[in-house]
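1. no sequence for this one, just the structure:
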């Protein structure tokens with residue numbers, strides 16, 4: 001609670017949104033699955049949010065944010081890269097999947113915007129999804145190594161993604177406020193050092 005209160009008063013200073021010990025301040029939801037209970041889909045391991053990938057679902061903050069910079073470290077675990085996602089501007093509708101702006105995490109499409117919200121200059125597909133591919137290469141580190149990622153989310157809905165010091169995509173969304181979240185979609189992933197700087 002102290003960290004959330006500080007977000008209001010500590011502008012221009014990074015404030016942790018994950019305490020590294022438990023999932024206080026986070027909400028999660030998983031789909032029904034006969035093989036996986038969902039009890040260990042989202043856990044905390046060695047100071048990181050550990051996502052098992054099964055069953056499918058998502059975890060998000062209980063607090064909304066706008067006009068912020070989100071910094072984090074993440075890595076893939078397992079034998080080969082799988083699927084997942086990082087969300088910004090998640091809206092209040094609770095459904096699978098969340099309505100927000102997703103940064104796609106498959107290796108080939110890492111950094112693609114897959115949005116349930118309109119993106120400026122992007123036409124929706126037949127599923128009312130707005131997709132903007134990553135225009136350049138993928139500066140991701142090898143499996144198991146930590147990557148540094150930054151989401152610069154402006155007051156006008158502009159989102160710019162930087163991965164390991166390289167800008168990989170940018171788009172302007174129709175919304176500029178919402179929850180921050182992560183997707184469980186078949187891949188084991190970990191996220192740590194999550195911090196938000198309000199402007």
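-> It's in. Everything numeric here is computed off the predicted structure, so don't read it as measured data.

2. list the strands paired with the helix or strand hosting residue 152, with their directions.
-> Assigned by DSSP states H and E, residue 152 belongs to strand 147-153. Here strand 147-153 has these sheet partners by DSSP bridges: strand 68-77 (antiparallel), strand 158-163 (antiparallel).

3. among the ones you listed, which is nearest residue 99?
-> strand 158-163 (15.1 Å; C-beta to C-beta). In short, each C-beta sits where N, CA and C put it, glycine included.

4. bridging residues for the residue most central in space within the chain?
-> Nearest to the geometric centre of the chain sits residue 86, at 2.1 Å (C-alpha atoms, centre = their mean). Bridge pairing for residue 86 (DSSP bridges) gives the partners residue 103, residue 182.

5. also the one 4 residues further on?
-> When bridges are called by DSSP bridges, residue 90 pairs up with residue 179.

6. surely it meets residue 100?
-> Yes: contact criterion C-beta atoms under 8 Å: residue 90 and residue 100 qualify, at 3.6 Å.

7. shared neighbours of the two, anything?
-> Residues touching both residue 90 and residue 100 (C-beta atoms under 8 Å, 6 or more residues apart in numbering): 178-179, 181.

8. now pLDDT, distance to residue 156 and neighbour count too, for those residues, in JSON lines please.
-> Shown next, in JSON lines, are those (pLDDT from 0 to 100; distance: C-beta to C-beta, whole Å; neighbours: other C-beta atoms under 10 Å):
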{"residue": "178", "pLDDT": "98", "distance to residue 156": "14", "neighbour count": "24"}
{"residue": "179", "pLDDT": "98", "distance to residue 156": "19", "neighbour count": "22"}
{"residue": "181", "pLDDT": "98", "distance to residue 156": "21", "neighbour count": "23"}
